[in-house]
Structures are given as C-alpha cells and as structure tokens.
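Peer 1: Next comes the sequence, and after it the predicted model I'd like to discuss.
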Amino acid sequence: MSEPTIKTKFINFNDLIIHEDDDILLVNKPVNVSSLDDKSNRNLNHLAKIYHPELQLCHRLDKMTSGILLMAKGPENYRKMALQFQHRKVQKTYMALVRGVHHFEEREVDIPLLITTNKRVSTHKNDGKKALTVVTTEKTFRNYSLLRCEPHTGRMHQIRVHLLALGCPIVGDELYKGENLMLSTIKRKYKLSGRKEEERPLNHGYLLHAQKLRFTHPATEEEVEFEADFPKNFAVVLKMLEKYDE
C-alpha cells in the first residue's frame with residue numbers, strides 16, 4: 001500500500017523527502033516552517049505524523065533555518081538515534097553566508113552560551129553551557145564568504161551566535177546583527193524597475209542551511225550520510241554573488 005500524499009496550502013510533505021526506508025526518514029525542511037512548535041499545524045512534526053503515525057522527530061531546526069531533518073520510525077529506532085544525538089555521534093554540517101571575506105581553516109569556536117529571558121542567546125563564560133563549533137571557509141566572493149560550520153554540541157542558536165562572536169554574523173540574521181543582502185550593493189549601475197518600489201532583500205530571511213547529516217543507521221548499523229539541497233532563496237543569492245560579486 002502506497003503512503004498518502006500529505007499536502008497543506010503551502011507544503012507537500014512528499015516533496016520534502018530526501019530518503020525513506022523501513023526505519024528512518026529524512027526531509028529537507030523549508031525556510032519559515034517550524035520543526036515542532038508552530039500552533040498552526042504547519043509544523044513538520046504534525047505533517048510527518050499524518051504521513052506515518054510512528055514517525056518521531058530526532059532533532060530540530062530553527063524556524064528560519066532550512067535543511068536536513070531526521071525522523072525515526074518506531075520507538076526502538078528513535079531510542080537508538082536519540083542516543084547518538086545525546087552522545088554527539090551524529091555529524092552535522094551547516095552552510096552559512098556571511099558578509100566580508102574570511103579565511104577560516106577548521107577554526108574552533110569554543111565559547112559557552114547562555115539563553116536569556118527574551119529567548120536570545122549570548123556568550124557567557126561563567127554561566128553559559130559548553131558549546132563548540134568548527135568553522136571552515138568554503139568559498140569567498142568579493143564582499144561575502146560561504147562558511148561550513150560543524151557544531152559539536154547542540155545549543156540553541158549556536159552557529160548564529162558563534163559566527164557573531166567571530167565578527168561575521170549571518171546574512172539576514174537581524175536578531176544577531178546580520179544585515180540583509182541587497183542587489184544594489186553587488187551589482188554595478190543597479191536601477192530599480194520603473195515602478196517606484198523599495199528594493200527588497202535578496203535573502204528573504206537569514207542564510208543558514210543544514211546541509212548534511214552523517215550517522216550510524218539504527219537498523220543496519222552502517223555509517224550513512226545524507227545531504228539536502230539549498231532552498232531557493234539561498235541558491236538565488238549564491239547565483240547572484242557568482243554573477244556580480246566574484
């Protein structure tokens with residue numbers, strides 16, 4: 001019996017699936033969709049339960065962070081994957097676009113993080129919890145850098161705050177001092193269209209993407225790796241940078 005096609009006004013869950021077998025399922029989470037906590041039932045956990053009642057979300061991404069999410073089928077597979085996340089056996093790779101040219105080669109950012117009362121996160125050496133991110137420059141443009149970030153812990157807003165601490169906040173991440181990317185800043189002789197409209201940012205949110213997961217399959221016990229393509233907004237920005245900011 002084939003699985004149902006799960007649709008909402010905005011999301012076709014089936015189109016998000018990267019991989020599915022008898023034990024796990026991985027999806028590419030879109031931007032502006034909650035992993036779990038959105039009360040509108042547009043969250044991926046709600047859609048996953050409709051698609052397969054035994055699916056359980058093994059981790060989360062922030063609402064505006066796109067990329068790969070792992071779900072387990074059944075309590076035993078979930079237990080095995082939860083232990084891997086708990087013991088930091090899952091390798092996670094994120095891609096982030098930041099302003100400025102930065103040359104990092106496996107730069108370790110080992111700065112404790114503290115969640116404040118307004119749900120912001122700040123660095124705090126005394127009261128913060130240990131957080132470690134390894135940052136490597138993937139590609140540089142004339143005015144921007146694409147960074148590969150590998151978090152070794154799973155703190156809230158970890159990559160966003162660690163990159164801010166390095167002096168390179170993520171493009172579009174206004175909560176942590178990240179500026180939007182405007183076409184007029186990279187394209188020479190830029191002109192607005194004939195209509196008198198205010199220029200809109202290219203990024204449409206902040207540009208942080210969970211690209212890869214590597215882990216031990218809960219049933220086969222083989223090491224596996226899966227990858228999620230960039231969402232449209234991130235891909236468009238990279239294309240514009242390659243065209244106008246090389």
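Peer 2: Received the coordinates, thanks.
Peer 1: Tell me if residue 179 really is in a strand.
Peer 2: No. Counting by DSSP: H, G, I helix; E, B strand; the rest coil, residue 179 is not part of a strand but coil.
Peer 1: from memory it sits against residue 99, does it?
Peer 2: Yes. Using C-beta atoms under 8 Å, residue 179 makes contact with residue 99 at a distance of 6.2 Å. From N, CA and C alone the C-beta is placed, and that goes for glycine too.
Peer 1: count of neighbours near residue 147?
Peer 2: As a burial measure, residue 147 scores 25 neighbours (other C-beta atoms under 10 Å).
Peer 1: Please look at it and residue 95 and confirm they touch.
Peer 2: Yes. Using C-beta under 8 Å, residue 147 is in contact with residue 95, at 7.1 Å.
Peer 1: what do the two both touch?
Peer 2: Shared contacts of residue 147 and residue 95 (C-beta atoms under 8 Å, 6 or more residues apart in numbering): residue 138.
Peer 1: so when I look at residue 84, I'm seeing a helix, right?
Peer 2: Yes. According to three-state DSSP, the state of residue 84 is that of a helix.
Peer 1: I'd like the distance between the spatially closest residue to it that is not a sequence neighbour and residue 243.
Peer 2: Spatial nearest neighbour of residue 84, excluding adjacent residues (C-beta to C-beta, 6 or more residues apart in numbering): residue 90 at 5.1 Å. Distance of residue 90 to residue 243, given as C-beta to C-beta, to the nearest Å: 36 Å.
Peer 1: contact partners of stretch 115-122?
Peer 2: 113, 114, 128, 155, 156, 157, 158, 160, 161, 175.
Peer 1: got a winner among those for most neighbours?
Peer 2: Of the contacts of stretch 115-122, with other C-beta under 10 Å as the count, residue 161 tops at 26 neighbours.
Peer 1: In terms of helices and strands, where is that one?
Peer 2: helix 158-165 (DSSP states H and E).
Peer 1: Pull out the buried positions in the helix or strand just after that helix.
Peer 2: Note on helix 158-165: by DSSP H and E, the next helix or strand toward the C-terminus is helix 183-186. For helix 183-186, the neighbour count (16 or more other C-beta atoms under 10 Å) marks 185, 186 as buried.
Peer 1: and the next element down the chain from helix 183-186?
Peer 2: strand 208-216.
Peer 1: can I get the CA coordinates of that following strand in PDB?
Peer 2: What follows is strand 208-216, C-alpha atoms only, in PDB (Å, rounded to 0.1, in the frame of the first residue of the first chain):
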ATOM      1  CA  LEU A 208      21.800  29.200   7.400                       C
ATOM      2  CA  HIS A 209      21.300  25.800   5.900                       C
ATOM      3  CA  ALA A 210      21.600  22.400   7.500                       C
ATOM      4  CA  GLN A 211      23.300  20.600   4.600                       C
ATOM      5  CA  LYS A 212      24.500  17.200   5.800                       C
ATOM      6  CA  LEU A 213      24.000  14.500   8.400                       C
ATOM      7  CA  ARG A 214      26.300  11.600   9.000                       C
ATOM      8  CA  PHE A 215      25.300   8.900  11.500                       C
ATOM      9  CA  THR A 216      25.000   5.100  12.100                       C
END
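Peer 1: What strands flank it, and is each parallel or antiparallel?
Peer 2: strand 66-73 (parallel), strand 91-99 (antiparallel), strand 223-227 (antiparallel) (DSSP bridges).
Peer 1: Let me know the angle separating it from helix 158-165.
Peer 2: 130 degrees (axes from the mean of the first three to the mean of the last three C-alpha atoms, to 10 degrees).
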